[in-house]
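[1] A predicted structure for the sequence below; I have some questions about it.
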Amino acid sequence: MTALVDDVTELLILWPHLAAALERDAGASVEPVVSGGNDPAFGLPVNADVLGALAHLRREVPFTAAWACGVVAEPWVGRDVEGHLRHMPRWHERMLVTAAADDAGRLAAAVRSMLRDVKLALGLRTPDRALGQFCPMHDEPLREMIAPGSEARLRYTRLDRAGRPIMPAVEWTRHDAAVCRYCGASWAPSQYLGLGRLLREADARRVQENLRSTPSSSGTSAGNLAAEGAS
Ligand SMILES: [Zn+2]
């Protein structure tokens, strides 16, 4: 099984829970709001995450499906989110056998990112932590590296006929690493020494680059002030 098949299976299992979580959060009239929606410390209702993830999937899944159909030269058929998701492993397979490896990678990354969103909304993932350092591998665009949040994965031995796991267990994994979500580079703690060297090189490179293209804007704000004063 590829990682994409695992991710799609997990998405199909978690997807119905999004709607359920929303109902639970909104059930304010009779029952108290679950999951801390009334907590004044947060201000925002917790279901904003759930709403966001639902909207994101309803938009992103058909969009990705339409794109994938184009890549594998298949007519696009309108389906619901679940229907589209079920076809994704097959499209991925087709891309791999037709040597569209880049597209296959893009599809796998899209599914991975949807799963991350859903898990974040359902409390099965903690947010990424920004590291305050730009990825040393590229200057354009500059992207801040992150330490990935912890992620829960469903562990189960098999699925029932409706595709639900039998006796699932939730297992949390923590990834200790510095990661760039843009280019996919990642460094384990044992590689931080090398990463430090790359970061210093990148800093030096960017300083050089800035010196070469010195912005001619230094006088702009003063010029604007002078213009304002004159009017
Ligand atoms: Zn990068």
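    Alright, I've got the coordinates.
[2] wait, what's in contact with V5?
    P89 (CB atoms under 8 Å, 6 or more residues apart in numbering). C-beta here means a position set from N, CA and C on the backbone, and glycine is covered the same way.
[3] quick check, it in a helix?
    Yes: counting by DSSP: H, G, I helix; E, B strand; the rest coil, V5 is found in a helix.
[4] tell me which stretches of this protein form helices.
    With DSSP state H, the ranges of helices along the chain come out as 3-26, 47-71, 81-97, 101-121, 192-212, 220-230.
[5] for the fourth one, name the packing helices and strands.
    Think helix 101-121. If contacts are counted by 3 or more CB pairs under 8 Å, 6 or more residues apart in numbering; DSSP states H and E, helix 101-121 sits against helix 3-26, helix 47-71, helix 81-97, strand 151-155.
[6] with mean pLDDT as extra columns, can I get the helices of the chain in CSV?
    Output for these, formatted as CSV (pLDDT from 0 to 100):
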stretch, mean pLDDT
helix 3-26, 81
helix 47-71, 90
helix 81-97, 94
helix 101-121, 91
helix 192-212, 93
helix 220-230, 45
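[7] out of the ones you listed, nearest to R174?
    Proximity to R174 (CB to CB) singles out helix 101-121 among the helices of the chain, at 14.0 Å.
[8] buried stuff in the closest one?
    Residues 103-104, 106-108, 110-111, 114-121 are the ones in helix 101-121 that count as buried (16 or more other CB atoms under 10 Å).
[9] got the residues of the chain near the ion?
    Near the ion, the residues belonging to the chain are C135, M137, C180, Y182, C183, A185 when assessed by CB under 5 Å from the ion.
[10] if we go to 8 Å?
    C135, P136, M137, H138, R143, M145, C180, R181, Y182, C183, G184, A185 (CB under 8 Å from the ion).
[11] can you say which of the residues you listed are buried?
    By neighbour count, with 16+ other CB under 10 Å, the residues of the chain next to the ion hold C135, P136, M145, C180, R181, A185 as buried.
[12] okay, who's weakest in those residues by pLDDT?
    Least confident entry in those, by pLDDT: R181, with 87.
[13] appreciated, that's everything.
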